[in-house]
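1. Kindly generate the corresponding structure for this input.
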Amino acid sequence: MKKNRNLWIGAGALALILLFWAFSGEEEISRDITTKSFVADFQDAVTSSGELLAKNSEDISGPRNVRRYGLYNIKISDIVPEGTYVEKGDYVAQLDKTELSGKLNELFNELEKARSQYTQTQLDTSLELRQQRSTIESLEFDIRQKKVEIEQSAFEPPATVQRLKLDLEKLNQNLEQNKENYKIKKMQSEAKMVEAGANLAQTQNQYDKLQDLEQEFRIIAPKPGMVTYIREWGGQKRKTGSTISPWDPGVATLPDLSVMESKTYINEVDIRKVKAGQKVNIGLDAFPDVKLSGTVSQVANVGEDRENSESKVFEIVIAVNESDSTYRPGMTTSNEIVTSTLDSVVQIPLEAIFSEDEITFVYVKDVGIEKREVSIAARNDEFAVIDRGLKADVEVFLTEPASAVDQEIQRLN
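-> Model prediction:
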């Protein structure tokens, strides 16, 4: 009797152990997550953030002819806030006149010097010509006097008459020479006055133009519109304290809000997927509910280094189909560039894809668990397209089941 009781106790313990093992195995399997393959349209896309810009705009520029006056870098001392609506002729910005004022003072001093030189030349030439005319008049008087002496010497000895005639001849020669000298001095005086006058006129003209240039340091709007700051090469916006130059005189822009575009940058890994003409889904961070559409219009051929980017990036310009007066240049955009689409294809999540020895496979749950090789036709950030090795509505594991890790992969034929 005691023996039978021990047998029953042993059998019960064995049953409990087997039951524990069974439940433990079921709990292990139940922890594995599965999903089913499905058929749907597939879309691959490259996403990036960008900036909304106006395709066309008119620059509000500072003076362009400052280079001739030695002005190369002019600071913006004041500018209206970005987004300000202005009418034609309204004030937009003021440029710093410090360097210009120095040039004006220098030119004013040169102008005063030119005026003084002109007056001095005028006085000098007048005095020289007056002296020359006085000499001529004196000679003419001496000649008349000498003629009278000759007339009165009719009864003088011939030698005396001859001497008087020689004196008259010498006076006539001196008169002719002085008249020639007068002509030459007059031409010289005229030339000196022309030179002094030209120098004065040139200096006066430069001074007048510099004064006109001073008026251009007050920047006004060429037409109605919304003022937008210019973005410089480094990405910073041109504002109060920024510098303009003769080669880049823009102070601000007036964008045409009827035609917009989004500018973004794609890394060198994804750029090979992007081509002109591809469709783009666009979102605006400022208006989360707004969904815009667009098309890739430009793809840069050469990469560039940009701040906060570890690799080369390529500039992409996207033409935006829609427009609205509430959209503003500079708004942040989210751009989803559709690089490829496939209709009605078998797909599974990327988490269901595994690899071993360069073989891509999935864990298929059927009667048991099968480790099956598959061929991937395409993939995006979420799903992979399976063109061989898996049909629709097949259950696959999203996590690697421990019990099937060491199985042999069922290869594709």
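
2. Tell me the buried residues in stretch 278-296?
-> Neighbour counts using 16 or more other Cβ atoms under 10 Å place 278-284, 292, 294, 296 of stretch 278-296 among the buried residues. Backbone N, C-alpha and C define where each C-beta goes, glycine included.

3. Let me fix that, I meant to ask about stretch 97-108.
-> Buried, per 16+ other Cβ under 10 Å, within stretch 97-108: 97, 99-100, 103-104, 107.

4. now do stretch 405-413
-> Judged by neighbour count (16+ other Cβ under 10 Å), stretch 405-413 contains no buried residues.

5. Give the rounded mean pLDDT of it.
-> Here stretch 405-413 scores 89 as its mean pLDDT.

6. before we move on, what about stretch 297-316?
-> Per-residue pLDDT over stretch 297-316 has a mean of 87.

7. How is this protein divided into domains?
-> For the chain, the structural domains run 47-53+257-341, 57-96+218-244, 100-215, going by automatic domain parsing.

8. about what we covered before: could you single out the nearest of the buried residues of stretch 278-296 to Ala352?
-> Nearest to Ala352 among the buried residues of stretch 278-296 is Asn281, at 26.3 Å by Cβ to Cβ.

9. What is the subsequent helix or strand relative to the helix or strand hosting the closest one?
-> Asn281 is part of strand 279-284 when elements are defined by DSSP states H and E. Going down the chain from strand 279-284, the next helix or strand is strand 287-299, by DSSP H and E.

10. Beyond that following strand, next helix or strand please.
-> Once strand 287-299 ends, the next helix or strand along the chain (criterion: DSSP H and E) is strand 313-320.

11. Tell me what angle that following strand forms with strand 287-299.
-> Angle, strand 313-320 to strand 287-299, by axes from the mean of the first three to the mean of the last three Cα atoms, to 10 degrees: 120 degrees.

12. other SSEs contacting strand 313-320?
-> Under the contact definition 3 or more Cβ pairs under 8 Å, 6 or more residues apart in numbering; DSSP states H and E, strand 313-320 sits against strand 38-54, strand 260-267, strand 279-284, strand 287-299, strand 332-349.

13. Which members of the buried residues of stretch 278-296 are the farthest-apart pair?
-> Using Cβ to Cβ, those span at most 19.8 Å, a distance reached by Gln278 and Leu284.

14. got the angle for the strand holding Asn281 vs strand 332-349?
-> Going by the same axes, to 10 degrees, strand 279-284 makes 130 degrees with strand 332-349.

15. which outside residues touch strand 279-284?
-> 45, 52, 262, 290-296, 318, 320, 327, 331-338 (Cβ atoms under 8 Å, 6 or more residues apart in numbering).

16. picking that back up, mind checking which of the helices and strands packed on strand 313-320 is nearest Leu139?
-> It is, among the helices and strands packed on strand 313-320 and with distance given as Cβ to Cβ, strand 38-54, at 84.3 Å.

17. Can you get me the centre-to-centre distance for that closest one and its chain?
-> With Cα atoms, centre = their mean, to the nearest Å as the basis, strand 38-54 stands 27 Å off its chain's centre.

18. And the closest residue to Asp305 other than its chain neighbours, how far from Phe397?
-> Nearest non-adjacent residue to Asp305, counting by Cβ to Cβ, 6 or more residues apart in numbering: Lys312, 6.7 Å away. Remark: distance between Lys312 and Phe397 (Cβ to Cβ, to the nearest Å) = 39 Å.

19. quick one, which of these two is more surrounded?
-> Using other Cβ atoms under 10 Å as the criterion, Lys312 and Phe397 rank with Phe397 on top: 20 against 15.

20. where in this protein is pLDDT low?
-> Filtered on pLDDT under 70, the chain yields the residue ranges 1-31.

21. distance between the longest helix anywhere in it and the chain's centre?
-> In the chain, assigned by DSSP state H, the helix with the most residues is helix 158-215. Counting by Cα atoms, centre = their mean, helix 158-215 is centred 60 Å from the centre of its parent chain.
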